[in-house]
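S.K.: attaching a predicted model along with its sequence, questions to come.
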Amino acid sequence: MSQTRPSGRQATLVADVAARTEAASKVYGRGGSAVTALDGVTVDFPAGAFTAVMGPSGSGKSTLMHCLAGLDRTTAGKVYLGDVDLGTLDERRLTALRRTRIGFVFQSFNLLPTLSAAENISLPAELAGIRLDAARVDRVIDAVGLRGRSAHRPSQLSGGQQQRVAVARALVTDPDLIVADEPTGNLDSRASGDVLGLLRSAVTDFGRTVVMVTHDPGAAGYADRVVFLADGRIADVMTEPTADRVLDAMKGLTR
Ligand SMILES: Nc1ncnc2c1ncn2[C@@H]1O[C@H](COP(=O)(O)OP(=O)(O)OP(=O)(O)O)[C@@H](O)[C@H]1O
């Protein structure tokens, strides 16, 4: 992957905050077997920016992402999506918010094998009661470079193409927040570059907000800023990251 900073990054970030945590803590288990995965994390995710979350294995990246996206709840502290305090929502409302306001991209693509690419893209929106016209789905398919593949099932697509379907699915509802958990973990460097370029473009060209967990300094180089976690706490925040600077910062965390 390129060691230089990809072009297209915004020089200044917008002041609005798409999501944030305030003294968020998450403890799994109880008593002697309790594990503190997040330990008082306060962090903002600016709207219209691409933030990477990095840190050593077990530092709390996935836990932070899951709490931010309403897939899990904090033990203490608060998580906001825009002005909404997720802790005040019951399960039904939290599910509705996830479906309508958050787009997800996972390492394992999570596509339904019996559905076409186009159906995989539109199904979550339809489940959330969002009407999508065919032209909109076509536009998103074009944007991820899959014109001519929309009738293909996942098994008829490469890994990189499947992940592009997943990115299109995350984009199609114009969500307030796109969370990506190791989106390039199963891809070769070329397909990784394609997917990261799409996430970058979603931010630069369409004003979306992306938060991405990654182990890859090259992938973090596509972001506007990198939040580093260590032992469930914020260890550092880097703006205008390059792969080399990220690598150095990671070495500092694991020493
Ligand atoms: N469901 C769970 N039950 C108990 N402990 C958990 C659970 N999920 C995570 N943990 C623990 O919480 C800590 C943080 O885990 P988390 O998965 O958030 O870290 P991570 O930084 O995403 O790690 P990795 O890079 O290895 O994916 C770890 O010590 C982990 O073992």
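M.R.: Arrived safely, thanks for sending.

S.K.: C-alpha from now on. contacts and neighbour counts both.
M.R.: Fine.

S.K.: pretty sure Arg20 belongs to a strand, no?
M.R.: Yes. The assignment for Arg20 (DSSP: H, G, I helix; E, B strand; the rest coil) places it in a strand.

S.K.: can you give me the strands in the stretch 151-255 of the chain?
M.R.: For the stretch 151-255 of the chain, the strands defined by DSSP state E, counting those that start in this stretch cover 177-181, 210-213, 225-230, 233-239.

S.K.: now Ala117. Its backbone dihedrals?
M.R.: Dihedral angles phi and psi of Ala117 (degrees, to the nearest 10) take the values phi -60, psi -50.

S.K.: contacts only, for it.
M.R.: 149-154, 165 (CA atoms under 8 Å, 6 or more residues apart in numbering).

S.K.: now do the lengthiest helix in the chain and strand 177-181, the angle between them.
M.R.: Secondary structure assigned by DSSP state H gives helix 189-204 as the longest helix of the chain. On the basis of axes from the mean of the first three to the mean of the last three CA atoms, to 10 degrees, helix 189-204 is oriented at 160 degrees to strand 177-181.

S.K.: give me the contact list for helix 189-204.
M.R.: Helix 189-204 is touched from outside by 1, 8-10, 48-50, 144, 159-161, 163-164, 167, 171, 183-184, 208-210, 219, 222-223, with contacts defined as CA under 8 Å, 6+ apart.

S.K.: chain center to that helix, what's the gap?
M.R.: Chain-centre distance of helix 189-204: 12 Å, with CA atoms, centre = their mean, to the nearest Å.

S.K.: next, the buried residues of that helix.
M.R.: 189, 191-204 (16 or more other CA atoms under 10 Å).

S.K.: can you show me the helices along the stretch 51-200 of the chain?
M.R.: In the stretch 51-200 of the chain, the segments counted as helices under DSSP state H, counting those that start in this stretch are 61-68, 91-101, 117-127, 134-143, 159-171, 189-204.

S.K.: quick one: the shortest one near the ligand?
M.R.: Yes. Part of helix 61-68 sits close enough to the ligand to count as contact by CA under 6 Å from any ligand atom, namely 61-63.

S.K.: tell me what that helix is packed against?
M.R.: Where contact means 3 or more CA pairs under 8 Å, 6 or more residues apart in numbering; DSSP states H and E, helix 61-68 is packed against strand 17-28, strand 35-46, strand 76-81, strand 177-181, strand 210-213.

S.K.: could you list the paired strands of the third one along with their orientation?
M.R.: Sheet pairing of strand 76-81 (DSSP bridges) gives strand 17-28 (antiparallel), strand 84-85 (antiparallel).
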